[in-house]
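Asker: Sequence first, predicted model second:
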Amino acid sequence: MQEEKIKKIVMERYSKIAKEDTSCCPTCGPCGIDVMEQAKNIGYSEDELGNIPESAIMGLGCGNPTALADLKKGETVLDLGAGAGIDVFLAANKVGSEGHVIGIDMSEEMVKRANETAKNRYKNVEFRLGEIENLPLEDNSVDVIISNCIINLSPDKLRTYQEAYRVLRPGGRILISDLVTEGELPEDIRKNFEAWAGCIAGALEKKEYLDTIKRAGFRDVNIVSQNTFYEPGLDDTLVGKITSVKVKAHKS
């Protein structure tokens, strides 16, 4: 499957979500439920959601990486695949005015939406257009990297983690929420473009995923939280095979 075609399908899907202000997220819960409820289903508290702009909440993702990243005042944080900015704004509240949060997204529509939300409200955030396999940042420039169910969308996960390693400062850390598989997925799912855009087909087997992070150079690679993913209507061949993980690791 061609990498560029996968990226095109993914970008078109999330650009449409941003433009139409609707979410049908197969990794978050049944389509049609309120985005606030979807956000709560994947780990965001009511207090957190009440302290960020409502336009940033789209019910996308498979976890709440800011809850486990142990963010500190003054840190520089990078969010891979920031979307409308939910995790960027949560991180901005944690690092304070002396900190800085950068959101990267490949969809112009998402970046536009996030920048409009941030305008005149947040002075410690910025959103940049870019791909996570080729980050528009300098080497050793951020303290923490977070991401929420985005790296599974990349057709080159090793390259993505190598880029993350490059831009992290020595001693920096990552806290990634993502989907992995328990065993191999059926071949017809792997080749399904809609399943790629829905965060399923691109998911790696759990051990391979962790090994990929280690190959990129990270140490202390650990799953700090995980749960089996299930939603009504999930393909029977996938039941019990998809796991939502939160992975923490450090740069040497």
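Answerer: Received, thanks.
Asker: Tell me the buried residues in stretch 82-100?
Answerer: 82-95, 99-100 (16 or more other C-beta atoms under 10 Å). All C-beta atoms are positioned from the backbone trio N, CA, C, and that covers glycine.
Asker: what distance separates the start and the end of that stretch?
Answerer: 14 Å (C-alpha to C-alpha, to the nearest Å).
Asker: just to revisit the earlier point, nearest to residue 211, out of the buried residues of stretch 82-100: which one, please.
Answerer: Of all the buried residues of stretch 82-100, residue 87 has the smallest distance to residue 211: 25.6 Å, by C-beta to C-beta.
Asker: Go ahead and confirm the closest one touches residue 149.
Answerer: No. Taking contacts as C-beta atoms under 8 Å, residue 87 lies outside contact range of residue 149: 10.6 Å.
Asker: what is in contact with those two at once?
Answerer: residue 61 (C-beta atoms under 8 Å, 6 or more residues apart in numbering).
Asker: Output the helix or strand harbouring residue 48 as PDB, nothing but the C-alphas.
Answerer: Residue 48 belongs to helix 46-50 when assigned by DSSP states H and E. C-alpha atoms of helix 46-50 as PDB (Å, rounded to 0.1, in the frame of the first residue of the first chain):
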ATOM      1  CA  GLU A  46     -15.400  17.100  33.300                       C
ATOM      2  CA  ASP A  47     -13.100  19.600  35.000                       C
ATOM      3  CA  GLU A  48     -10.500  19.400  32.200                       C
ATOM      4  CA  LEU A  49     -13.100  19.800  29.500                       C
ATOM      5  CA  GLY A  50     -14.600  22.800  31.300                       C
END
